[in-house]
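# need a 3D model of the following:
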Amino acid sequence: MSQPAPAPIASVVFTTYNQPDWLEKVLVGFGAQDRGDFEVLVADDGSRDDTRERIQALQGQLPMPVRHLWQADEGFRKCEALNMAIRESRADYLLFTDGDCIPRADFVSTHLRLREPGRFLSGGYHKLPMDTSTAISLDDIRSGRCFDAAWLRGRGMPASRRDVKLTAGPRLGALLDMISPARASWNGHSASAWKRDILAINGFDERMKYGGQDREFGERLENAGIRGKRIRHRAIVLHLDHPRGYATQDSIDFNRGLRADTRRLRRTWTEFGIDKRAAP
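Got it, this is the predicted structure:
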């Protein structure tokens, strides 16, 4: 009898919704990582069949397992999709990003190298304009040249002081993270935590739509004593441009109110998370 496959060292989780071209670039980025002992869970918030077909076409070409978890399209339900993936994850350590963020080749290994008990990691991103996002090919991702600042500027990316995220090596990146005034918040494009800590706060609050849902999740982790650690100059993704038709002022205002309650009440548990029950 064959032995069951060993559990992956990490589970990478991200959502997608009807962006198969961007999704393909992200998956190819994870296929180009400098280690392959992790799994990828694509938490699909109701995409059409072309997303499923794109994933199926890629699965046999990638060195890591990719699981496609789909839920019906009933509006913006990112938090439900993320909780679905958390339940299905097989690893003790979870990395989170977005379906429009291409990971640099050391993304997974950096998160794993810098993980600590009692901490979550807060990574960084480099935002691209649409022309540059479109210009990046799959070969550019596999070779890693799309993470070269000069190469990106040659394809329409304006120069910025933020380019240091792309040019800093591990030592300078560690120094910049140490002196950065930016708060180590939970950033959905590049963040990670132990699964036990995520389950202890009951995952994401499913009442929240677009706008601040990642930050509220991180604030509950902090209230539970899980402190953030900045790695924003070391764990890098390229954020591809796209429209945000799902953003509404009502959802943003509602989420701000809920976040204020989380901070004021020092709340660690949500009754609207993975388990639909009051705090144990």
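# which helix runs longest in the chain?
In the chain, taking DSSP state H as the definition, the longest helix is helix 249-265.
# would you put the C-alpha positions of it in PDB?
Output of helix 249-265 as PDB, limited to C-alpha atoms (Å, rounded to 0.1, in the frame of the first residue of the first chain):
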ATOM      1  CA  GLN A 249     -18.700  53.500  -0.100                       C
ATOM      2  CA  ASP A 250     -21.400  51.600   1.900                       C
ATOM      3  CA  SER A 251     -19.100  48.600   2.300                       C
ATOM      4  CA  ILE A 252     -16.100  50.700   3.200                       C
ATOM      5  CA  ASP A 253     -18.100  52.600   5.800                       C
ATOM      6  CA  PHE A 254     -19.500  49.400   7.300                       C
ATOM      7  CA  ASN A 255     -16.100  47.900   7.500                       C
ATOM      8  CA  ARG A 256     -14.600  51.000   9.200                       C
ATOM      9  CA  GLY A 257     -17.300  50.700  11.900                       C
ATOM     10  CA  LEU A 258     -16.600  47.100  12.500                       C
ATOM     11  CA  ARG A 259     -12.900  47.700  12.700                       C
ATOM     12  CA  ALA A 260     -13.500  50.400  15.200                       C
ATOM     13  CA  ASP A 261     -15.500  48.000  17.400                       C
ATOM     14  CA  THR A 262     -12.800  45.400  17.100                       C
ATOM     15  CA  ARG A 263     -10.200  47.900  18.400                       C
ATOM     16  CA  ARG A 264     -12.500  49.400  21.100                       C
ATOM     17  CA  LEU A 265     -13.600  46.100  22.500                       C
END
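# report the distance from stretch 252-269 to the chain centre.
Centroid separation for stretch 252-269 versus its chain: 22 Å, with CA atoms, centre = their mean, to the nearest Å.
# where along the stretch 101-250 of the chain do the helices fall?
107-114, 130-135, 138-143, 149-153, 164-167, 170-179, 195-200, 213-223, 249-265 (DSSP state H, counting those that start in this stretch).
# how near is residue 214 to residue 75?
18 Å (CB to CB, to the nearest Å). (C-beta placed from N, C-alpha, C; glycine too.)
# let me fix that, I meant to ask about residue 216.
19 Å.
# try residue 204
Counting by CB to CB, the gap from residue 204 to residue 75 is 16 Å.
# of these two, who's got more company?
When residue 204 and residue 75 are compared for neighbours, residue 204 comes out ahead with 25 against 8, by other CB atoms under 10 Å.
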